[in-house]
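Engineer: Sequence first, predicted model second:
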There are 2 protein chains.
Amino acid sequence: MINRRKTKKVFYGNVAVGGDSVISVQSMTTTRTDDIDETVAQISRLETAGCDIVRLAVPDKKAAEALPEILRQTTIPIVADIHFDHTLALLSVQAGVHALRLNPGNIKKEEHVKKAVQAAKERKIPIRVGVNQGGLQESWMKGVDLTLPIEEQFAHAMVNGAFTHIRILEELDFTDIVISLKSSDVLTMINAHRIMASRCEYPFHLGVTEAGPAFQGSIKSAIGIGTLLQEGIGDTIRISLSDDPVLEVKAGRTILQALGIRRDFPEIISCPTCGRVKIDVISLAKKVEKAFEGVKGDLKVAVMGCEVNGPGEAGDADIGVMGTYGKGLLFKNGEIIDRIPEDQVIDRLVEEGKKIIAEKEQAMKSNKETSTVGAKN
Amino acid sequence: MINRRKTKKVFYGNVAVGGDSVISVQSMTTTRTDDIDETVAQISRLETAGCDIVRLAVPDKKAAEALPEILRQTTIPIVADIHFDHTLALLSVQAGVHALRLNPGNIKKEEHVKKAVQAAKERKIPIRVGVNQGGLQESWMKGVDLTLPIEEQFAHAMVNGAFTHIRILEELDFTDIVISLKSSDVLTMINAHRIMASRCEYPFHLGVTEAGPAFQGSIKSAIGIGTLLQEGIGDTIRISLSDDPVLEVKAGRTILQALGIRRDFPEIISCPTCGRVKIDVISLAKKVEKAFEGVKGDLKVAVMGCEVNGPGEAGDADIGVMGTYGKGLLFKNGEIIDRIPEDQVIDRLVEEGKKIIAEKEQAMKSNKETSTVGAKN
């Protein structure tokens, strides 16, 4: 149903961004980059949670010098986040990072910009340029229609700002560009991307910036990113939260899952508890969520409290449990398969869930083999 | 910017739903309704969090009999949630509830339907009818174009299902109707409302059902509800979470705030922490969020970690703090107003924040008085 915007395809190492590639989920480490052990450990946690690309701040030489060892110990594509200093970009590229986050317009000397861009070009790594509404400059307002609503004025200004960086790269014949247009205001962020979508074919890195603590931040991000993805806009996403970056990855994954774009991790469907429920849905749902952490694969798990919504929704899921008088009714593809004590429900759910995932993967594999054979004939 | 869909206006007590009325936030109690003390206590917590309308399950006579006392102890509009049994509807209406959630098609005898609807009509209380995708019936698929994508087929079927209930009410000349079309699938939910929007003028109660635990559930709800609200669709909203219903209200409020629809509570803008930050942004942001709990009013508070995004965003907020070497730089309307030790930052922020809210309210009041005077002349 989603008609994806046509964009150029670039590569963050082995992860493609843009074109027909799957929409990737990014995050950023919160460790000091020069603390190699902590950084590698966090990257590993992010990868387990389903992160596709990790960004690291490279604020100084010590951080840049830690990159070779970090890259040696990791396999996920790494983006070096650099501000102002082209020598940090050069060191990062030499270390082997898979992309740069860099605004060339913020590097003062033209020859320094050239050197950094040339280095990226030689290694065939993309550069993400981006503007934040917070960094809005007066010059970006040039030509903006001041009769528009303020969010739209800012959106146009952000697009102008991004073009100041894009043009510098294009003049150096560098076009492996990814664009971000971040704002803490959801409507401004949406508008900016809609405008930019009609003005270039570079892929977009979507994000609502300074979105806040996890709960508020994931809601704001879901609206901004979710709205654009439905319009086919967006190629890689990052949820900014003032929290453990693993939550950023989970939020990103959940957005893609809710829109049916990627289904790589189990989805828990659980009813809101109410005066009707026969079991403690809240704690059961939380336990189920926890039990399925670390399980990878396409699965829809239902946790229902009573007979009003129970069977219908649980039947819609691959597997589900419905509470009734201290017992758990286990459903699989709409059929009751067992009635077991509540304290055994979770282990059985996970066990059955894993089986279903394995079956689905087997079925997909067989389909693929069949169609490959078919294609050969 | 949002062009609101034209609908009939109905009243849940003193809270208007539909027409030009503000979009209200609903929740549902998780207590046993017949436990009056617990229920009243939860209603009070929901009200403090900014809930506009509360729904209570009325699954049996004991619950219905608790309603008069609950209503005596509360002021917020109360909706009685009733399934199948018209006598519970009659008892609820007699008790003085402000609305019914009831599907007349689920009451078996025609005379019972008539009695319940007549009672609602006499008391001038609206009835919400609604279907869940989980309760999809084969008969609803009649006339649905089976070449459509499955989400759209289900959406059409849900609209057909809702009309079976709407028609019963209309035949009884009852039109104070609110419609809900819930699905645990975000795209189906969005599609169903878009279809229904063109087919009637009744207000909508938006919700993604069985959305899951708080984190996942609020993300799914934000996409579904946020998408529709941007299209001007939706008059009252409920976020379904398998968690404390206070979180449902907070999620609902955050959605409305993110879209600039209602700004009744402080918004925290905080940067994601990264390798650049000079203070512990995560814990500071969480503390700030907590400190502003219970504060009501339009306020944008920024918590920033460093100079890259810091001043810009913090300047955009009404008030903000930016970390730098163990100190907190306090901003107000873009100007540094103080540099204070980190452990004193929160108290000052709340103090200054409350002042700003009071100033804004005073200014609004003066404006209103001026314009009223103007109108009289």
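Structural biologist: Happy to help now that I have it.

Engineer: going forward, measure contacts between C-alpha atoms and count neighbours the same way
Structural biologist: OK.

Engineer: got the residue ranges for the helices in chain A?
Structural biologist: A:36-48, A:61-73, A:86-95, A:110-122, A:150-171, A:186-197, A:214-230, A:245-258, A:281-291, A:310-316, A:345-376 (DSSP state H).

Engineer: In the fourth one, which residues are buried?
Structural biologist: Spelled out, that is helix A:110-122. A:112-114, A:116-121 (16 or more other CA atoms under 10 Å in any protein chain shown).

Engineer: now do the fifth one
Structural biologist: For helix A:150-171, the buried set under the neighbour-count rule, 16+ other CA under 10 Å, comprises A:151-163, A:165-166, A:168-169.

Engineer: hang on, the earlier thing: tell me which of the helices of chain A sits most buried.
Structural biologist: helix A:214-230 (a mean of 27; mean count of other CA atoms under 10 Å in any protein chain shown).

Engineer: now stretch A:12-25: mean pLDDT?
Structural biologist: Stretch A:12-25 shows a mean pLDDT of 97.

Engineer: ends of it, how far apart?
Structural biologist: Using CA to CA, to the nearest Å, the end-to-end distance of stretch A:12-25 comes out at 12 Å.

Engineer: Briefly note if it comes near chain B.
Structural biologist: No: contact of stretch A:12-25 with chain B (CA under 8 Å from any CA of the partner chain) is absent, the minimum separation being 15.4 Å.

Engineer: from the chain's centre, how far out does that stretch sit?
Structural biologist: Relative to its chain's centre, stretch A:12-25 lies at 11 Å (CA atoms, centre = their mean, to the nearest Å).

Engineer: With stretch A:130-139 instead?
Structural biologist: Counting by CA atoms, centre = their mean, stretch A:130-139 comes out at 23 Å from the chain centroid.

Engineer: which residues sit in contact with the closest residue to residue A:220 other than its chain neighbours?
Structural biologist: Excluding its sequence neighbours, the residue lying closest to residue A:220 (CA to CA, 6 or more residues apart in numbering or on different chains) is residue B:258, at 5.9 Å. Going by CA atoms under 8 Å, 6 or more residues apart in numbering or on different chains, residue B:258 touches A:185-187, A:220.

Engineer: any idea how far residue A:129 is from residue B:258?
Structural biologist: 25 Å.

Engineer: ditto for residue A:340
Structural biologist: 55 Å.

Engineer: Would you mind listing what in the stretch 101-250 of chain A touches chain B?
Structural biologist: So far as CA under 8 Å from any CA goes, the stretch 101-250 of chain A lies against chain B at A:132-136, A:149, A:184-187, A:209-213, A:215-216, A:218-220, A:222-223, A:226-227, A:240-243.

Engineer: repeat that for 7 Å
Structural biologist: Within the stretch 101-250 of chain A, the positions adjacent to chain B are A:134-135, A:186-187, A:209-213, A:215-216, A:218-220, A:222-223, A:226-227, A:240-243 by CA under 7 Å from any CA of the partner chain.

Engineer: mean confidence for stretch A:253-269?
Structural biologist: 92.

Engineer: ok, back up a step: of residue A:340 and residue A:129, who's got more company?
Structural biologist: residue A:129 (24 against 15; other CA atoms under 10 Å in any protein chain shown).
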